[in-house]
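Novice: Okay, predicted coordinates and the sequence, questions at the end:
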Amino acid sequence: MKKVLVCEDEAAIREFVVINLKRSGYEVVEAGSGEEALQKYDEEKGGVDIALLDIMLPDGNGLEYMKALRQGREGDVPILLLTGLTSQEDVIQGLAAGGDDYLTKPYDFPILLARIEALLRRADRIPKTLQAGKLVLDITSCTASMEGRDLLLTQKEFALLSLFVQNQGQVISGEYLYEKVWKTSTAGDTQALKTAVARLRNKIRESGFCIVSARGEGYCLEQE
Ligand code: CA
């Protein structure tokens, strides 16, 4: 069963959408504000399959919450923007900011449902695993395994390894890794990165790949 996060501050609209989604066989998590949406999303720990996000929220602009959903969180959940703003610029801005689709209010439920189904079909076509030789990374559960054996990576080790696997053979700068994995700049201190890379090297031994340091520049995943 797919799970939909519905973020809408107008209770009557939210209730209408929630009831109809449930009738259509979806699990629903509801939020009446942007902050509540982020909190519920985190509580689901990657369990949300799609998010419906109202743009005009009592605690700010839905586009800002969309960015917050996208950044610093695992998973790349499809986001359908619900907007009462009909001007073309608002729509373009919403899509440019990372929305997957939008629907202008008032909308009919069958149209909302069709859009949701289309986004979920598209998301299902995106590969859920990354592979490098014997290494298999499961993007959904954030776990990595080698010949079926779980490598027991920490969240940060997993994030690092997926960046390495996606950029095989290319040097990735320490600065970039810090930004992506620790969500902060190095501020000159690269100890956390060095430690994480050392642990990761150990865990992927015998995978046929190794993490090579490019002195002063960063790291690179190379085939042995
Ligand atoms: Ca609203």
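Specialist: That came in fine, so what should we check first? Residues are numbered from 1 along each chain as shown.
Novice: biggest helix in this structure, by residue count?
Specialist: For the chain, the longest helix by residue count, based on DSSP state H, is helix 109-125.
Novice: what packs against that one?
Specialist: helix 11-23, strand 50-54, strand 79-83, strand 101-104 (3 or more Cβ pairs under 8 Å, 6 or more residues apart in numbering; DSSP states H and E). All C-beta spots, glycine's among them, are computed from the backbone N, C-alpha and C.
Novice: Low-confidence ranges, the chain, go.
Specialist: Applying pLDDT under 70 to the chain flags residues 72-75, 85, 186-188.
Novice: near the ion, which residues of it show up?
Specialist: When proximity is defined by Cβ under 5 Å from the ion, the chain lies next to the ion at 9, 54, 56.
Novice: Can you report how many residues lie near the second one?
Specialist: Applying other Cβ atoms under 10 Å, we find 25 residues neighbouring residue 54.
Novice: coming back round to it: kindly format the C-alpha coordinates of the longest helix of the chain as CSV.
Specialist: What follows is helix 109-125 as a C-alpha-only set of coordinates in CSV (Å, rounded to 0.1, in the frame of the first residue of the first chain):
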residue,chain,number,x,y,z
PHE,A,109,-10.4,14.4,-6.9
PRO,A,110,-10.2,12.1,-10.0
ILE,A,111,-7.6,14.4,-11.5
LEU,A,112,-5.6,14.6,-8.3
LEU,A,113,-5.7,10.8,-8.2
ALA,A,114,-4.5,10.5,-11.8
ARG,A,115,-1.6,12.8,-11.1
ILE,A,116,-0.6,10.9,-8.0
GLU,A,117,-0.7,7.6,-9.9
ALA,A,118,1.4,9.0,-12.8
LEU,A,119,4.0,10.3,-10.3
LEU,A,120,4.1,7.0,-8.5
ARG,A,121,4.5,5.0,-11.8
ARG,A,122,7.4,7.3,-12.7
ALA,A,123,9.0,6.9,-9.3
ASP,A,124,8.7,3.1,-9.7
ARG,A,125,10.7,3.2,-12.9
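Novice: in this protein, which spans are strands?
Specialist: 3-7, 27-31, 50-54, 56-57, 60-61, 79-83, 101-104, 129-132, 135-138, 143-146, 149-150, 172-173, 209-214, 218-223 (DSSP state E).
Novice: Among the ones you listed, pick out the one with the most neighbours on average.
Specialist: strand 50-54 (a mean of 25; mean count of other Cβ atoms under 10 Å).
Novice: now for that strand, which elements pack on it?
Specialist: strand 3-7, helix 34-43, helix 62-70, strand 79-83, helix 109-125.
Novice: which stretch among those comes nearest residue 218?
Specialist: Of all these, helix 62-70 sits nearest to residue 218, with 24.3 Å by Cβ to Cβ.
Novice: quick check: angle from that closest one to strand 27-31?
Specialist: Calculated by axes from the mean of the first three to the mean of the last three Cα atoms, to 10 degrees, helix 62-70 forms an angle of 120 degrees with strand 27-31.
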